[in-house]
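**Student:** Quick one: sequence and predicted model below, then my questions.
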Amino acid sequence: VACTPDRLMGVDSRLPWKHNAADMRIFLINTVSKWLVMTRATYNGIDRRAFKYRKVLVVYARDEGQFDFTQPNTVFMRVTDPANIVTEIEEFIELEEALSPFSSDVMICGGPTLYREFLTKTDKCDQILLSIIDDTCEYPPDARMYYLDEFHPNYELHERKTMDNQCTFELHTRSSITCG
């Protein structure tokens, strides 16, 4: 997850900061050979070169715009029941694991609704990798803003470090208490 210090993670379905080399390095190191699960808006906002050596699952609830169905290692899944999105994604990945050389590790890459669903409706999210980027661009006052919700109280800050004075990296881990 990447956000500004005030937890802003998107403006009009785009990142609210310019390219951040330290954040991209963290993303690339921590996601290689893993499943990346994201919504359509997040998928459309990420440079496709970042998907190399990763398996991407794009979830969407309704027909929204066009997809590049030729993108290698990318699967598009229309969610039939948004109330059970976590279950549908988990079932899909379990099925794909038998057919894929990729790791069974799953990285939730956005947007805010997907984060909320995974942090509150499953106990399979063991860690939260958070990049806090203190660099925002100008945007129009009528822009749609997307903020990251507060983490579930069962996550504790485990590690924090500044990367090249460009962003702060935090690792939050699930405590021994289970989600309710």
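**Tutor:** Alright, I've got the coordinates.
**Student:** from memory T4 sits against L130, does it?
**Tutor:** No: between T4 and L130 there is no contact under C-beta atoms under 8 Å: 11.5 Å. For every residue, glycine as well, the C-beta is placed using N, CA and C.
**Student:** Let me see the contact set for the residue positioned nearest the centre of the chain.
**Tutor:** Centroid check for the chain by C-alpha atoms, centre = their mean gives C109 as the closest residue, at 1.2 Å. Taking C-beta atoms under 8 Å, 6 or more residues apart in numbering as the contact definition, C109 lies against T31, L36, V37, M38, T42, I46.
**Student:** Where strands are concerned, which of those count?
**Tutor:** L36, V37, M38 (DSSP state E).
**Student:** between the residues you listed, which is closest to K55?
**Tutor:** L36 (7.1 Å; C-beta to C-beta).
**Student:** Tell me how far that closest one lies from V58.
**Tutor:** L36 sits 9 Å away from V58, going by C-beta to C-beta, to the nearest Å.
**Student:** Kindly provide the distance from the residue of the chain most remote from its centre to D12.
**Tutor:** Going by C-alpha atoms, centre = their mean, the residue of the chain most distant from its centre is P141, 25.6 Å out. P141 is 12 Å from D12, where distance means C-beta to C-beta.
**Student:** can you tell me which helix in the chain is longest?
**Tutor:** helix 85-97 (DSSP state H).
**Student:** Output that one as PDB, restricted to C-alpha atoms.
**Tutor:** Extracted in PDB, the C-alpha atoms of helix 85-97 (Å, rounded to 0.1, in the frame of the first residue of the first chain):
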ATOM      1  CA  ILE A  85     -15.500 -10.600  -3.200                       C
ATOM      2  CA  VAL A  86     -12.900 -12.000  -0.800                       C
ATOM      3  CA  THR A  87     -14.300 -15.500  -1.100                       C
ATOM      4  CA  GLU A  88     -14.400 -15.300  -4.900                       C
ATOM      5  CA  ILE A  89     -10.800 -14.200  -5.100                       C
ATOM      6  CA  GLU A  90      -9.600 -16.800  -2.600                       C
ATOM      7  CA  GLU A  91     -11.400 -19.600  -4.500                       C
ATOM      8  CA  PHE A  92     -10.000 -18.400  -7.900                       C
ATOM      9  CA  ILE A  93      -6.400 -18.300  -6.600                       C
ATOM     10  CA  GLU A  94      -6.700 -21.700  -5.000                       C
ATOM     11  CA  LEU A  95      -7.800 -23.100  -8.400                       C
ATOM     12  CA  GLU A  96      -5.000 -21.300 -10.200                       C
ATOM     13  CA  GLU A  97      -2.200 -22.400  -7.800                       C
END
